[in-house]
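**Student:** Let me see the structure of the following:
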Amino acid sequence: MTAIAAPRSFESPVRAADFTGTGQLLRLFLRRDRVVLPLWVVLLGLPVGSVYIGSIDKVYKTPADLASFTASILASPAQLAMYGPVYNSSLGAAGIWKAGMFYLIIAIATILTVIRHTRAEEETGRGELVAATRMGRFAELTAALLLAYGASLAVGLLAFLSLYNEPVPHEGSLAFGLALAGSGAVFASVAAVTAQLSSSARLARGIAFAVLGATYTLRAVGDVRSGAGPTSPLSWLSPMGWSLQVRPYAGNHFGVLLIHVAAVLVLTAVAFTLLRNRDIGAGLIAERPGAAVAAPGLSGPFGLAWRLQRGTLIAWTVGLGLYGLLIGSVVHGIGDELGSSQSIRDMITRMGGSASLENSLITYAFTMLAVIAAAYSISAALRLSSEESADRAETVLTGSVSRIRWVASHLVFALLGPAAALLFAGVLAGLMYGRAAGDIGGKLGDVMAAAAVQLPAVWVFTGVTVALFGLLPRWTPVAWGVLSAAIAVFLLGSISGAPQWFRDIDPFEHAPKVPGGAFSATPLIILLLVAAALITVGLIGFRRRDLR
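**Tutor:** Numbering: from 1, shown residues only. Alright, predicted model coming up:
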């Protein structure tokens, strides 16, 4: 266990020497991310103009068409939860409406970037080697933040340039680019804080993603509740809600960006304060000393895996359960909360009435929960890689424990853990929804079905992680990139005219749209076979390769 020193008293104001070597580390980080970073910058910034604005301009050619499109958005709780509201029927506001989901994706990218170059470096011991040279105390964190902030600004600039030649006002394009950069910068600062809390990069990522999930949920529930009316206070509690409130092409509220700036300054100051008052390699969350004698439950690999995984499992399960409670509490009667204008009421009727809207919101909500569950599954499977990198796997495998048995001890949590968390959220959401609707039995069954059909897609990402671990152990963290790519495909595939083969790349695209839609077991069986094949390939690869 890492020894935790007593907190230091505040010594003196920040010194210039604390930042010595920042430039050298920044160049090193740029070299290490020379492929990944430009890729996500281009994918987030470039499609906005030609793909989003261009597609809307081609499909909705008249102001009446745009007005009808806007009314359909405001009448759909699922779309409000996913992308947020559209604030007017102009081409600019309607065109970038779906691109607002990029506020979430850039947050994921900056979180992964900051923790990769801070806490992950300390966990592997490389951070301590760097600190032993003439590097300042704050150099590593400063370089990581400069990288993330710079990449966020590059995304915003690229988005602005991609919109420059489109038939939309340049002021709105600038507002959108700055809002996008602001979302990335805020969550880079969140990651800087969580990187100081635990000695584990995996736990630091988990805490940051939990914050991201909570803020996204607040924004989604707030926007569903407000509908076409005034903005809900819940939306103002979320950084993604702040980015939406900049309202590009619908007022261009540049003053809201000051909230982003204030949050970045406060969170960054907190991160540097925490860094100053902890030891290298340690976290502010102190690790408890182990018992003098091991408990009977630790006598085998599964007991050890339970000891290592239980805290994360409980945290993710509680988090998904709270999301389920929120969804279950707002879904019933959502059609009555979207406004009383005749156009919206007519649109609700054409979409199948309030019951159809409730079903679509449940389907969307559990698709998003499945994405979160997939992130947990990847995190649990990555425990294999961290145990091997820290040489603890070698200690276990020198005994009578086989390689397959050791992998299986963690794999059971990567498979059953997200299932337990997702179904727990389904139970809570179903009970809340059923209680409000006066039909607990019927609604609970509907919601549980919506949760269960997502599991095969979640397990595909488990399989991807295990396959990378077995065949390409150095590249195992690329599993996060695979999940991010699936989310990007989901977003780009929702654009009118996107080919079906492109949308089929995303595993979540194949889950049956229940309740309300037709159920087919075939896609679920195919996803299960894909997951099983990937896991099998990973196990075979791990049996045949050397330990790192």
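**Student:** Would you list the phi and psi of Asp504?
**Tutor:** The phi and psi values for Asp504, taken as degrees, to the nearest 10, are phi -70, psi -10.
**Student:** Can you report how many residues lie near it?
**Tutor:** The burial count assigned to Asp504 is 13, neighbours taken as other CB atoms under 10 Å. Backbone N, C-alpha and C define where each C-beta goes, glycine included.
**Student:** Quick check: the gap between it and Ala479.
**Tutor:** 20 Å (CB to CB, to the nearest Å).
**Student:** again, but for Ala159
**Tutor:** For Ala159, the distance to Ala479 - CB to CB - is 27 Å.
**Student:** ok, now Asp391?
**Tutor:** Look at Asp391 and Ala479: by CB to CB, they are 22 Å apart.
**Student:** who has more neighbours, those two?
**Tutor:** Ala479 (26 against 10).
**Student:** Skipping adjacent residues, who's closest to that one in space?
**Tutor:** In space, and not counting its chain neighbours, Ala479 is closest to Thr465: 4.1 Å by CB to CB, 6 or more residues apart in numbering.
**Student:** and the one you found, what does it touch?
**Tutor:** Counting by CB atoms under 8 Å, 6 or more residues apart in numbering, Thr465 touches Ser377, Ile378, Ala381, Leu382, Ala414, Thr476, Ala479, Gly538.
**Student:** Ala295: neighbour count?
**Tutor:** Residues within reach of Ala295, counting by other CB under 10 Å, total 10.
**Student:** And for His117?
**Tutor:** By the criterion of other CB under 10 Å, His117 has 25 neighbours.
**Student:** Would you confirm that it contacts Ala143?
**Tutor:** Yes. Between His117 and Ala143 there is a contact under CB atoms under 8 Å: 7.0 Å.
**Student:** what touches both of the two?
**Tutor:** Applying CB under 8 Å, 6+ apart, one finds that His117 and Ala143 are jointly contacted by Phe29.
**Student:** and stretch 19-37, how far out from the chain's middle?
**Tutor:** Here the centre of stretch 19-37 is set off from its chain's centre by 24 Å, with CA atoms, centre = their mean, to the nearest Å.
**Student:** show me what contacts Ala433?
**Tutor:** For residue 433 the amino acid is Tyr, not Ala. Shown in contact with Tyr433 (CB under 8 Å, 6+ apart): Ile327, Gly328, Val331, His332, Ile362, Lys443, Leu444, Val447.
**Student:** Between the residues you listed, which has the least confident prediction?
**Tutor:** Ranked by pLDDT, the contacts of Tyr433 bottom out at His332, which scores 71.
**Student:** Low-confidence ranges, the protein, go.
**Tutor:** Within the chain, the segments meeting pLDDT under 70 span 1-14, 50, 227-229, 286-294, 297, 333-355, 491-498.
**Student:** Just the element for Asp65, please.
**Tutor:** According to DSSP states H and E, Asp65 maps onto helix 63-74.
**Student:** packing partners for that helix?
**Tutor:** Contacts defined by 3 or more CB pairs under 8 Å, 6 or more residues apart in numbering; DSSP states H and E place helix 63-74 against helix 54-59, helix 77-83, helix 91-95, helix 342-350.
**Student:** Where does the most centrally placed residue in the chain fall, secondary structure wise?
**Tutor:** In the chain, the centroid-proximal residue (CA atoms, centre = their mean) is Ile108; its distance is 5.1 Å. Ile108 is located in helix 102-117, with elements delineated by DSSP H and E.
**Student:** before we move on, the earlier item: using a markdown table, lay out the contacts of Tyr433 together with neighbour count, distance to Arg27 and secondary structure.
**Tutor:** Listed next are the contacts of Tyr433 as a markdown table, based on neighbours: other CB atoms under 10 Å; distance: CB to CB, whole Å; DSSP: H, G, I helix; E, B strand; the rest coil:
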| residue | neighbour count | distance to Arg27 | secondary structure |
| --- | --- | --- | --- |
| Ile327 | 29 | 46 | helix |
| Gly328 | 26 | 50 | helix |
| Val331 | 25 | 50 | coil |
| His332 | 20 | 55 | coil |
| Ile362 | 29 | 49 | helix |
| Lys443 | 25 | 57 | helix |
| Leu444 | 21 | 56 | helix |
| Val447 | 29 | 51 | helix |
